[in-house]
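Participant: Sharing a model prediction with you, sequence too.
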Amino acid sequence: MAVNSELKNYTVVWARDQYSGRGQHDRTWVSEPGKNLVFSVFITHESLSIEHLPYLSHAVSLGIYQFLKGKNIPKLKIKWPNDILSGNHKIAGILIENTFKGNFVKHSVVGIGLNVNQTTFPESIRNTTSLRKIFKKEFGLEELLGELVKSIQQEIKYCSPQYFKKIKNNYLEVLYRKNVPSMFKTSDSVPFLAKIVGVSETGQLQLALENEEIKVFEIKEIQFLN
């Protein structure tokens, strides 16, 4: 759509049945037809540089976090880089794709999956939850979609240099297992103990190792070891 026409900012495409959903680490996103919110938001940027892209990810994550907080979802956290958890169970995921012009981001397509009315999930994604599993009632998808997009808009409007410090601080405040010793594994499946101490300006995860050395990792270099 963006290639073939001029799209308005915050145009939303919502799939009631998504049969080829993609997630982080080249994984698939599984959604039962008609049960969840699986949608993409088209966002144009006036002056977002490529180096500041992590703040867009933070802002989108915070928008979803604030929306779910308003619904009283318990034990909410953002798992680096941008999964949303209730306790240890994933309730929402984000995948952002961008178009560039020079050193700036021309526009972004923010793909979001939010588990709403689905109650059973494949064994491969057993650490998953939904609004219905938490509250034992069904939710209207269209109403939730409007509220969620507004919450994302509210956070993204602050995605400019004068607010970057605030965005990052808000993100770190709700970052899953920050300062808690945790097991991780490298891309070649080597396990190690470390604790999250922050996120770099370029979006890398900063870990303190057992010898107190600080190392940074890209998204494909590391995973939590459940």
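Facilitator: That came in fine, so what should we check first? Residues are numbered from 1 along each chain as shown.

Participant: any low-confidence regions in this structure?
Facilitator: Low-confidence segments of the chain (pLDDT under 70): 21-27.

Participant: Identify the single longest strand in it, thanks.
Facilitator: Determined from DSSP state E, the single longest strand within the chain is strand 89-101.

Participant: Would you mind pulling the contact partners of it?
Facilitator: 2, 22-24, 29, 50, 53, 56-57, 60-61, 64, 68, 73, 79, 82-85, 105-115, 125, 127-131 (CB atoms under 8 Å, 6 or more residues apart in numbering). Every C-beta, even on glycine, is put in place using the N, C-alpha and C of the backbone.

Participant: Buried residues in that strand, which are they?
Facilitator: For strand 89-101, burial by neighbour count (16 or more other CB atoms under 10 Å) applies to His89, Lys90, Ile91, Ala92, Gly93, Ile94, Leu95, Ile96, Asn98.

Participant: Please state the offset of it from the chain centre?
Facilitator: Counting by CA atoms, centre = their mean, to the nearest Å, strand 89-101 is centred 6 Å from the centre of its parent chain.

Participant: rewinding a little: now, which of the contacts of strand 89-101 lie within strands?
Facilitator: Members of the contacts of strand 89-101 lying in strands (criterion: DSSP E): 22, 29, 79, 83-85, 105-114.

Participant: ok so Tyr171 is a strand residue?
Facilitator: No. Checked against DSSP: H, G, I helix; E, B strand; the rest coil, Tyr171 lies outside a strand; its state is helix.

Participant: got a list of what it touches?
Facilitator: Tyr171 neighbours (CB under 8 Å, 6+ apart): His58, Ser61, Leu62, Ile78, Val199.

Participant: Looking at the residues you listed, which is nearest Lys165?
Facilitator: Closest approach between those and Lys165, by CB to CB: His58, at 11.2 Å.

Participant: hang on, the closest one packs against Lys168?
Facilitator: Yes. Counting by CB atoms under 8 Å, Lys168 is a contact partner of His58 at 6.4 Å.

Participant: Comparing those two, which residue is more hemmed in?
Facilitator: When neighbours are counted by other CB atoms under 10 Å, His58 and Lys168 differ, and His58 comes out ahead with 25 against 16.

Participant: nearest spatial neighbour of the more buried one, skipping sequence neighbours?
Facilitator: Nearest residue to His58, sequence neighbours excluded (CB to CB, 6 or more residues apart in numbering): Tyr171, at 4.2 Å.

Participant: Distance of the residue positioned nearest the centre of the chain relative to Glu210?
Facilitator: In the chain, the residue lying closest to the centroid (CA atoms, centre = their mean) is Asn82, at 2.8 Å. Noted for Asn82: a distance of 27 Å to Glu210, by CB to CB, to the nearest Å.

Participant: can you check Thr44 too?
Facilitator: Separation of Thr44 from Glu210 (CB to CB): 45 Å.
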